[in-house]
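Colleague: A predicted structure for the sequence below; I have some questions about it.
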Amino acid sequence: MSATGIHTPDPKAPKGDLDLALIGNCSYGALIDKTATVKWCCLPRFDGDPIFCTLLRKTNDIGFYEISVENFSHSKQYYIKNTGVLRTELYTKKGEAIEVTDFAPRFMMNDRAYRPTMLVRIVKPLIGNPRIQVRIRPTFGYGWGAPEKTRGTNHVRYLLPNFSVRVTTNAPISYVVDEVMFEISETYSFVLMPDESLKEALSDLTTSYLDKTINYWLEYSRVLAIPFEYQEQVLRSCITLKMCSFEETGAMIGSITSSIPNHPGAPGHDLRFCWLRDSSYIVHTFNKLGSTKTMEDFLKFISNIVAAASQTESGTLQPVYGISLETTLYEKDMHRLAGYRGIGPVRVGTKDYQLVQNDVYGHVILATTQMFFDQRLKHMGDKLLFERLEGIGKIAVGAYNQPDAGPTGFSAPPAIHTFSSVMCWAAADRLKKIALAVGQEDKSKYWAGKAEEIKKDVLAKSFNTTLNSYTDTWGGDKVDSHLLLLPVIGFISSSDEKFKGTVARIEKVLKKGKYLHLSEHAQSLSQCSTTATLWYINTIASLGRKDEAKELYHNMLSTCNKLGLLSESVDCATGELWGNFPKSAAMVGLIECAMNLSKKWDEVI
């Protein structure tokens, strides 16, 4: 362990990687590697206890769900086109093979979304009759131990402390319980779910659920407004984002995982919560795509946060909330898990909820602005919501020139951050527009005046004439990648000469090869931010450097893993992915870049 309390990589730890596939149904998610092993799965929801967690374990004795073939040679893995259904083909050295189909059931039933806590695996012989082994070893208490198990005629029950799960199968139960290698000559199904009996025959259920889940994802993909180019990547990113939504409340999680570090010397963080900073980007992207239902669900979640804040004495917002609007997200270390590649500690919860980050006020108002103008929405914004947003706007007006932790949360001591100030301006600017939408012309003039005051102050105090650049703090001499978003927010134009100077400065100090660091705090690291790199690509495209932007975007597509998924950071030298996976904000960035760089449909057909 280092002097900072961060574990260094353990050479004896398993050599993990992020060549993983995600399956999910907007209730929970699971990560499966290229050998059809479930390496991460939290139940009964995203922020639950991981019953499968070898992604963060030092040993592979418990915490996995493996289906393997004797004399394994190689594998092929892919999603059924335009769906969240995964197929893995496992080949033997003799040329025999099996096919494993994995999915989390998701379809409409009785006019409502049916998304059970259920993991379905269908195994069938593809070539010959190879021998397979099924090993199901759940754990609990973040790797604390293995649960007691009992067997029935066609199922195995695992008695976890807080709930029990069972795996129902038509494979010989003794072979499954005792982990015996056996020949496969027919299709076997495995259904992991809470300890309940199936209400229909296993084969009928798995066949029906598979067909319905495939049809759901095909229909979801079919109505998306995708660009002409990069269609496959955009659709995969959209499906991934959908799987990262907790549909019960509308929350969007930052990532499926916890504590995969951004680089070998970094502490890990738990991203299984909803960061308000991502809200306006997500809403903007969903609007472009025409993914109205997911956007509306997310807006309801944000509206609930606004309503709750209006009932508190301070009226302030946190940077992050739990997926059921939890406001207290105590962070603690779980030392029973060694961490990704032995790099710990593994953390549950996040102390980020205690940070003062003034940009959140602008993000929330930017996101909810959609509710006052989008006629497709079932529940549009009204005067009550406007009044609540005004309360947030007043806090923003009072906070724009106050120190905070900044958008990265790394500022020590706190300073007045340019991006936070600009987002406070955005709060006032959008309230000006919302006021007109609800027929409050006087209030529109009031917020227009406040926006003008803030803008004048920020422009005067955040530009460094020596550097010819806006800086990350008022009167500062450093830059960060969030400054690239100033034109996106509408604060200044991308053609503004001072912004062009800022881009030049960012290129000089933050660009590393084909990638970009998040801030100068990370300048010495070999890992760069995937999200910041995608912001940069969009920026230079807006400056007319489209060929260069396309080249960098194609490199980012190559940086994605084989299934098109992207994590928080990337090693600039090797292209290896690091950080929590998949990262929702990075998937949003992939979509935005594709839509900005693609040829228009009417240019081609």
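Modeller: Done, it's in.
Colleague: how close does the spatially most central residue of the chain sit to residue 273?
Modeller: Residue closest to the average C-alpha location in the chain (CA atoms, centre = their mean): residue 584, at 2.5 Å. Per CB to CB, to the nearest Å, residue 584 is found 11 Å from residue 273. Yep, even glycine has a C-beta here, placed from its N, CA and C like the rest.
Colleague: What of residue 295?
Modeller: 19 Å.
Colleague: Kindly report the same for residue 243.
Modeller: Taken as CB to CB, the span from residue 243 to residue 273 is 16 Å.
Colleague: Ok, residue 433 next?
Modeller: Relative to residue 273, and taking CB to CB, residue 433 is found at 30 Å.
Colleague: Please apply the same query to residue 531.
Modeller: On the measure of CB to CB, residue 531 and residue 273 end up 17 Å apart.
Colleague: need the contact list for residue 190.
Modeller: Counting by CB atoms under 8 Å, 6 or more residues apart in numbering, residue 190 makes contact with 120-123, 134, 167-169, 171.
Colleague: List the neighbouring strands of the host helix or strand of it plus their orientation.
Modeller: Following DSSP states H and E, one finds residue 190 within strand 188-194. The strands beside strand 188-194 in its sheet (DSSP bridges) come out as strand 119-127 (antiparallel), strand 164-169 (antiparallel).
Colleague: could those strands be laid out in a markdown table, adding mean neighbour count and mean pLDDT?
Modeller: Converted to a markdown table, the strands paired with strand 188-194 look like this (neighbours: other CB atoms under 10 Å; pLDDT from 0 to 100):
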| stretch | mean neighbour count | mean pLDDT |
| --- | --- | --- |
| strand 119-127 | 20 | 98 |
| strand 164-169 | 22 | 97 |
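Colleague: Reformat those strands as JSON lines; add distance to residue 313.
Modeller: Formatted as JSON lines, the strands paired with strand 188-194 follow (distance: least, CB to CB, whole Å):
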{"stretch": "strand 119-127", "distance to residue 313": "44"}
{"stretch": "strand 164-169", "distance to residue 313": "43"}
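Colleague: Alpha carbons only: can I get stretch 187-198 in PDB?
Modeller: Only the C-alpha atoms of stretch 187-198 are listed here, as PDB (Å, rounded to 0.1, in the frame of the first residue of the first chain):
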ATOM      1  CA  THR A 187     -30.000 -27.200 -25.400                       C
ATOM      2  CA  TYR A 188     -29.800 -26.400 -21.700                       C
ATOM      3  CA  SER A 189     -31.400 -23.300 -20.100                       C
ATOM      4  CA  PHE A 190     -30.400 -21.700 -16.800                       C
ATOM      5  CA  VAL A 191     -32.600 -19.100 -15.100                       C
ATOM      6  CA  LEU A 192     -31.200 -17.200 -12.100                       C
ATOM      7  CA  MET A 193     -33.800 -15.300 -10.200                       C
ATOM      8  CA  PRO A 194     -35.200 -14.600  -6.700                       C
ATOM      9  CA  ASP A 195     -36.200 -17.800  -4.900                       C
ATOM     10  CA  GLU A 196     -39.500 -18.400  -6.600                       C
ATOM     11  CA  SER A 197     -40.900 -21.200  -8.700                       C
ATOM     12  CA  LEU A 198     -41.300 -20.600 -12.400                       C
END
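Colleague: pLDDT weak spots in the stretch 201-350 of the chain?
Modeller: By pLDDT under 70, the stretch 201-350 of the chain has no low-scoring segment.
Colleague: correction: the chain
Modeller: For the chain (pLDDT under 70), the answer is 1-16, 411-412.
Colleague: how near is the nearest residue to residue 539 once chain neighbours are set aside to residue 505?
Modeller: Of all residues not flanking residue 539 in the chain, residue 484 sits nearest, at 4.7 Å (CB to CB, 6 or more residues apart in numbering). Separation of residue 484 from residue 505 (CB to CB) stands at 11 Å.
Colleague: from the middle of its chain, how far away would the helix or strand harbouring residue 361 be?
Modeller: Assessed by DSSP H and E, residue 361 sits inside helix 359-369. In this view, helix 359-369 has its centroid 19 Å away from the chain centroid, taken as CA atoms, centre = their mean, to the nearest Å.
Colleague: where does residue 445 land in three-state SS?
Modeller: Secondary structure, DSSP: H, G, I helix; E, B strand; the rest coil: residue 445 is helix.
Colleague: Tell me, how many residues neighbour it?
Modeller: Neighbours of residue 445 under the rule other CB atoms under 10 Å: 13.
Colleague: Could you do the one 10 residues further on as well?
Modeller: By the measure other CB under 10 Å, the count of residues near residue 455 is 19.
Colleague: following the helix or strand containing it, which helix or strand comes up?
Modeller: Counting by DSSP H and E, the element that carries residue 455 is helix 441-461. For helix 441-461, the following helix or strand on the C-terminal side (DSSP H and E) is strand 463-464.
Colleague: Run me through the strand neighbours of that next one, direction for each.
Modeller: strand 469-470 (antiparallel).
Colleague: I'd like the next helix or strand past the strand it pairs with.
Modeller: As assigned by DSSP H and E, the chain's next helix or strand after strand 469-470 is helix 486-489.
Colleague: Next, the buried residues of that next one.
Modeller: 486-489 (16 or more other CB atoms under 10 Å).
Colleague: just to revisit the earlier point, columns distance to residue 595 on top of the contacts of residue 190, output as JSON lines?
Modeller: Listed next are the contacts of residue 190 as JSON lines, based on distance: CB to CB, whole Å:
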{"residue": "120", "distance to residue 595": "34"}
{"residue": "121", "distance to residue 595": "35"}
{"residue": "122", "distance to residue 595": "35"}
{"residue": "123", "distance to residue 595": "39"}
{"residue": "134", "distance to residue 595": "43"}
{"residue": "167", "distance to residue 595": "42"}
{"residue": "168", "distance to residue 595": "43"}
{"residue": "169", "distance to residue 595": "44"}
{"residue": "171", "distance to residue 595": "45"}
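Colleague: Strands along the stretch 101-250 of the chain, start to end?
Modeller: Per DSSP state E, counting those that start in this stretch, the stretch 101-250 of the chain carries strands over the ranges 107-109, 112-114, 119-127, 131-137, 148-151, 155-159, 164-169, 182-183, 188-194, 245-246.
Colleague: Columns distance to residue 404 on top of these, output as a markdown table?
Modeller: Shown next, in a markdown table, are the strands of the stretch 101-250 of the chain (distance: least, CB to CB, whole Å):
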| stretch | distance to residue 404 |
| --- | --- |
| strand 107-109 | 44 |
| strand 112-114 | 38 |
| strand 119-127 | 42 |
| strand 131-137 | 45 |
| strand 148-151 | 49 |
| strand 155-159 | 46 |
| strand 164-169 | 43 |
| strand 182-183 | 60 |
| strand 188-194 | 43 |
| strand 245-246 | 28 |
